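# sequence plus the predicted model coming up.
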Amino acid sequence: MINSTQVSYFTLGAYFDIGLFKYLLFTIIICFYAVIVCANLLLIVIICMNRSLHEPMYRFLCSLFVNELFGSTTMLPFLLVQILSDIHTVSASFCFLQIYCVFAYGTIEIINLSVMSYDRYLAICYPLQYNTSMTYNKVAMLIALTWLFPFIEVAVTISLSSSLQLCGNIINKVYCDNYSVVKLACSVATVNNIYGLFITCLVVFGPLILILYTYMMILKVCFSGSKQTRQKALSTCTPHLASLINFFFGSFFEILQSRFDMSRLPVMLRIFLSLYFLTCQPIFNPLMYGLQMSKIRSLCKSLVFGKM
């Protein structure tokens, strides 16, 4: 499929010569990557090794942390190489692999967050039925769907994009993006646009409607419930809400860069916005959940300081 395109490589046009500043940028990103790997791995180990954390909420959290490792590991090493390189080109096959990884990461993230909101909805609105509703098999099925559906959906997207006849090879971003490739097509990509609109509605608006509904129900219970109920909802929903806002904030700027001409913006600002999408969510989630949730926080202290 990829051989049918008219180009064998793409040029990433968002990079520019920043002289010695590239070494500072390289250092910052590699520090971010080290924090991402260490923080997410630490929390994955803590959740897997402690039986007290083998609850549905923490299993979904573990899935979220694995996705942060997946997204950052598939993209940040490439960015580090590109920052130090003087030639910012990427082969067509590797470009589509990048698109696959970025889209899969984003789709898994939003579905995982929507499943977590559904889990909190059951725990707060139906606490007595929670254990019978959220069984081990149901949790396993939800996590499996969270990961399987995005990989299948993105595979269809890549197959459509890679079959297009392209009349250019310059992508004005720091990594490959599907919509940027579609814009290079010699003719109107009707099928791609229709499928893209359908998937956007399914992947974005579907989870968003579920999240809004669950939080409306949670707020309703909080306002009519006891002080203890409100405190429980606040302690478990605050990190989730913060994660949602952070993810949609980064995704919004990422979509703006793909859909609109951002050439008037300073290049460093465009690079920063792209890095925000790739680094802030994987850093933010483990720190937010690790600091906010008392169970994880105490176990982190025990593991790090050797007071098991």
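Noted; the coordinates are in hand. Numbering: from 1, shown residues only.

# neighbours around Ile209, how many?
By other C-beta atoms under 10 Å, 11 other residues sit near Ile209. For glycine as for every other residue, the C-beta is placed from the backbone atoms N, C-alpha and C.

# name the element it belongs to?
Remark: Ile209 resides in helix 206-224, with elements defined by DSSP states H and E.

# roughly how far is that helix from the heart of the chain?
Distance of helix 206-224 from the chain centroid (C-alpha atoms, centre = their mean, to the nearest Å) equals 22 Å.

# now the helices for this protein?
21-49, 56-84, 92-125, 130-133, 136-162, 178-182, 190-200, 206-224, 227-259, 267-275, 281-292, 294-305 (DSSP state H).

# out of those, which comes closest to Ala14?
Of all the helices of the chain, it is helix 267-275 that lies closest to Ala14, at 5.5 Å by C-beta to C-beta.

# does anything pack onto the closest one? Which helices or strands?
helix 21-49, helix 227-259 (3 or more C-beta pairs under 8 Å, 6 or more residues apart in numbering; DSSP states H and E).

# quick one: low-confidence ranges for this structure?
Residue ranges of the chain with pLDDT under 70: 1-6, 16-19, 225, 260-263, 265, 267, 292-297, 299-308.

# mind redoing it with 80?
Within the chain, the stretches with pLDDT under 80 are 1-7, 13-21, 52-53, 86, 172, 187-189, 223-236, 253-274, 290-308.

# let me see the contact set for Ile218.
Contacts for Ile218 (C-beta atoms under 8 Å, 6 or more residues apart in numbering) come out as Arg120, Tyr121, Ile124, Cys125, Ala233, Cys237.

# swap in Ile99?
Listed by C-beta under 8 Å, 6+ apart, the contact partners of Ile99 are Val154, Thr157, Ile158, Ser161, Cys176, Asp177, Asn178, Val181.

# just Leu84 next, same as before
Lys22, Tyr23, Phe26.

# dump the contacts of Ile218 to a markdown table, plus distance to His88.
Putting the contacts of Ile218 into a markdown table (distance: C-beta to C-beta, whole Å) gives the following:
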| residue | distance to His88 |
| --- | --- |
| Arg120 | 43 |
| Tyr121 | 45 |
| Ile124 | 49 |
| Cys125 | 51 |
| Ala233 | 48 |
| Cys237 | 42 |
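
# with adjacent residues omitted, what lies nearest to Cys62?
Ile47 (4.6 Å; C-beta to C-beta, 6 or more residues apart in numbering).

# how many residues are close by the one you found?
Neighbours of Ile47 under the rule other C-beta under 10 Å: 21.

# how about Leu80?
Residue neighbour count, defined by other C-beta under 10 Å, stands at 16 for Leu80.

# repeat for Ser63
Neighbours of Ser63 using other C-beta under 10 Å come to 22.

# enumerate every residue touching the nearest residue to it once chain neighbours are set aside.
Excluding the flanking residues, the one nearest Ser63 by C-beta to C-beta, 6+ apart is Ile143, at 5.1 Å. By C-beta under 8 Å, 6+ apart, the residues touching Ile143 are Arg59, Phe60, Ser63, Val115.

# I figured the last one hits Thr146, correct?
Yes: using C-beta atoms under 8 Å, Val115 and Thr146 qualify as a contacting pair, with a distance of 6.0 Å.

# from Cys222, how far off is Gln231?
Here Gln231 is placed at a distance of 10 Å from Cys222 (C-beta to C-beta, to the nearest Å).

# of those two, which one has the most company?
The residue with more neighbours, out of Gln231 and Cys222, is Cys222; 20 against 11, by other C-beta under 10 Å.

# ok, that one touching Lys232?
No: the pair Cys222 / Lys232 is not scored as a contact, 9.2 Å apart, by C-beta under 8 Å.

# need the overlap of contacts for the two.
Counting by C-beta under 8 Å, 6+ apart, the residues touching both Cys222 and Lys232 are Ile124.

# next up, the contacts around Ile111.
Counting by C-beta under 8 Å, 6+ apart, Ile111 makes contact with Leu145, Thr146, Phe149, Pro150, Val203, Pro207.

# which of these sits closest to Gln82?
Using C-beta to C-beta, these come closest to Gln82 at Pro150, 25.1 Å.

# now that closest one. Nearest residue, chain neighbours left out?
Per C-beta to C-beta, 6+ apart, closest to Pro150 is Thr107, 3.6 Å.

# again with Leu164
Residue nearest to Leu164 in three dimensions, not counting chain neighbours: Ala185, with 4.5 Å by C-beta to C-beta, 6+ apart.
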